[in-house]
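Enquirer: Quick one: sequence plus predicted model below, questions after.
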Amino acid sequence: YGTVDRKDVTGSISSVKGDDFRNQPVSSLDKALQGRIAGVQVVRNGGAPGASTSIRIRGTGTVNNSEPLYIVDGIPTSSIDGINPNDIEAVEVLKDASASAIYGTRAANGVVIVTTRKGEKGALKVNVDMYTGITNVTKTIDVLDASTLAEIKRERYTNDGVAANAIWSDTQYQTQRTNWQDELFTTGKTKNIDLSISGGSENSSFLVAMGYYDEQGVIEKTKADRFSLRINSDHKVTKWLKIGQNMALSTRSNNGFNTLSAQNGLIWSAIRFHPGLPVTNPDGSFSSSQISGQFGDINNPIFEVDIQDANNRITRLLSNLTTEVSLTEGLKLKANFGVDGSISDSRSFNAQILNQIRQRTANSANRNYSQGFSFLMEYFLAYDKSFGDHKVGFVGGYSQQSFDFQGFSATAINLPDEDPSQRFLSTGSPNRTEEFRAHDGLRSVFGRANYAFKDKYLFTATVRSDESSKFAEGNRTGVFPAFSLGWRVSDE
């Protein structure tokens, strides 16, 4: 909603320049921020390519959803997924109540302001950046070999004063055959290419940027990719009118396994699966713990990789149009119109499992589809003026944003043919179908005043009133005030 000189800021704000993480081999912006800002925790929710992250600003602030509010080129949004990290000019993190209060109820967990790159005045510039790399697991968990495992199992029964299960005396399973972690992990590959074209004249500038990122994980079939297109431009139409637009279109997908569960997580299974069993039997079938319940309630991890069949695709449009009208010296009227839309489509197939200890008697096919669109409309006045030793600033305006969501999920079971070309919902028996639709709205008025005396004594006051349709009439409005004081002791 405006700019303030860094020396006049009285709230807690941290900044990171885009150059600090440009060409870092990560699939998303949130991962690029990891370890770069004091008081901000970025935790990956799994090691698979494209795995989601959790961001916490000064710890957990609210129950349920503790994610911060993101502002991308002036558009409030709940996610920065799909944004190419190499398109970023700067990231500002508002940590305390004074700094974030102007964003109201959604700023309870802090605010992350993302500014993307713009074109610059001058000759046409064409930049191409690319890199490729490999990923390997550098350390695995030390586990017992087959003979030592059998020996310790027999000792355990002896110590308990009971006869050992005969399977632990069977020499067939005391021969080391498989290191399951070595079988599971492979070499991952990453490649990225970015192309940008920018330029400008005295009154206009533009930037067109395209990027492609592809990552193959250290486990077969784990992958993530992203294609992004960005078009930003700014135009000075007259001495008193400026127009700007930002448009980002992205499509991305990722695929991974359950690696978090201590019961049937894939990596946990590779650590626990019996080392005396081969990957496959002489007849080509996968080995199984069905030989004995003593071998654990674990499926062959390589078998689980082999039958995996899942894919998803998320396409997102994030765009806005801004206008700025200079009314008088220091007084400007601004408008911001934005749209944030996404479409998500995922499919999965669960094969019938009869030859493993964790069985699945019926196969199933699943599809989940959803789409969400948010429309933003904002108008606000900004005033900045200096009078001798006094400097004042004011921002006040109105904001309205609507949110529309809809989608469905469906499951079919007992598909007659498990051939990949025949895995369609229509070939099975309907098992579950659900559809949803929701509409929410948020209407707000806000204001912020800044005052500085002799550039030494600083004061900021902020207030925002939010009215949300999520609550019952009579309880929809909340007011969020804040103020802060500053004293530049070094100037005394």
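Expert: Great, that's in hand. Numbering: from 1, shown residues only.
Enquirer: Model confidence for residue 8, exactly?
Expert: Confidence at residue 8, expressed as pLDDT, is 68.
Enquirer: The one 4 residues further on now?
Expert: At residue 12 the predicted local distance difference test score is 81.
Enquirer: show me what contacts it?
Expert: 39, 94, 95, 96, 98, 99 (Cβ atoms under 8 Å, 6 or more residues apart in numbering). Placement of C-beta: from N, CA and C, glycine included.
Enquirer: The closest residue to residue 485 other than its chain neighbours: helix or strand, and which one exactly?
Expert: Excluding its sequence neighbours, the residue lying closest to residue 485 (Cβ to Cβ, 6 or more residues apart in numbering) is residue 459, at 5.8 Å. If you go by DSSP states H and E, residue 459 is part of strand 457-468.
Enquirer: Starting from that strand, tell me the next helix or strand along the chain.
Expert: Remark: after strand 457-468, the chain's next helix or strand is strand 477-487, criterion DSSP H and E.
Enquirer: Restricting to C-alpha, output the lowest-mean-pLDDT helix or strand in the chain in PDB.
Expert: Counting by mean pLDDT, DSSP states H and E, the chain has its least confident helix or strand at helix 97-100, which shows a mean of 80. Output in PDB follows, covering the C-alpha atoms of helix 97-100 (Å, rounded to 0.1, in the frame of the first residue of the first chain):
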ATOM      1  CA  ALA A  97       1.800  -6.500  14.700                       C
ATOM      2  CA  SER A  98       2.700  -2.900  13.800                       C
ATOM      3  CA  ALA A  99       4.200  -3.800  10.500                       C
ATOM      4  CA  SER A 100       1.500  -6.200   9.400                       C
END
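Enquirer: Quick one: residues in contact with it.
Expert: 9-13, 69, 94, 107, 110-111, 460, 462, 482-484.
Enquirer: one more time with 10 Å
Expert: Here helix 97-100 makes contact (Cβ atoms under 10 Å, 6 or more residues apart in numbering) with 9-13, 57, 68-69, 92-94, 106-113, 448, 460-462, 464, 480-486.
Enquirer: Just the buried ones from those, in PyMOL syntax?
Expert: To isolate the buried members of the contacts of helix 97-100 in PyMOL, using 16 or more other Cβ atoms under 10 Å:
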select buried, resi 9+10+11+12+13+57+68+69+92+93+94+106+107+108+109+110+111+112+113+448+460+461+462+464+480+482+484+486
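Enquirer: just to revisit the earlier point, roughly how far out does the strand holding residue 459 sit from the chain middle?
Expert: 29 Å (Cα atoms, centre = their mean, to the nearest Å).
Enquirer: Please apply the same query to stretch 195-210.
Expert: On the basis of Cα atoms, centre = their mean, stretch 195-210 sits 28 Å off its chain's mean C-alpha point.
Enquirer: and what of stretch 183-198?
Expert: Offset of stretch 183-198 from its chain centre (Cα atoms, centre = their mean): 18 Å.
Enquirer: What's the mean pLDDT across the strand holding residue 459?
Expert: Here the average pLDDT along strand 457-468 is 92.
Enquirer: cool, and stretch 26-42?
Expert: 85.
Enquirer: That one: which residues count as buried?
Expert: Across stretch 26-42, burial judged by 16+ other Cβ under 10 Å covers 26, 27, 28, 29, 30, 31, 32, 33, 34, 37, 40, 42.
Enquirer: just checking, which of those belong to strands?
Expert: Cross-referencing these against strands under DSSP state E gives 40, 42.
Enquirer: relative orientation of the strand holding residue 459 and strand 477-487 in degrees?
Expert: Per axes from the mean of the first three to the mean of the last three Cα atoms, to 10 degrees, the angle that strand 457-468 makes with strand 477-487 is 170 degrees.
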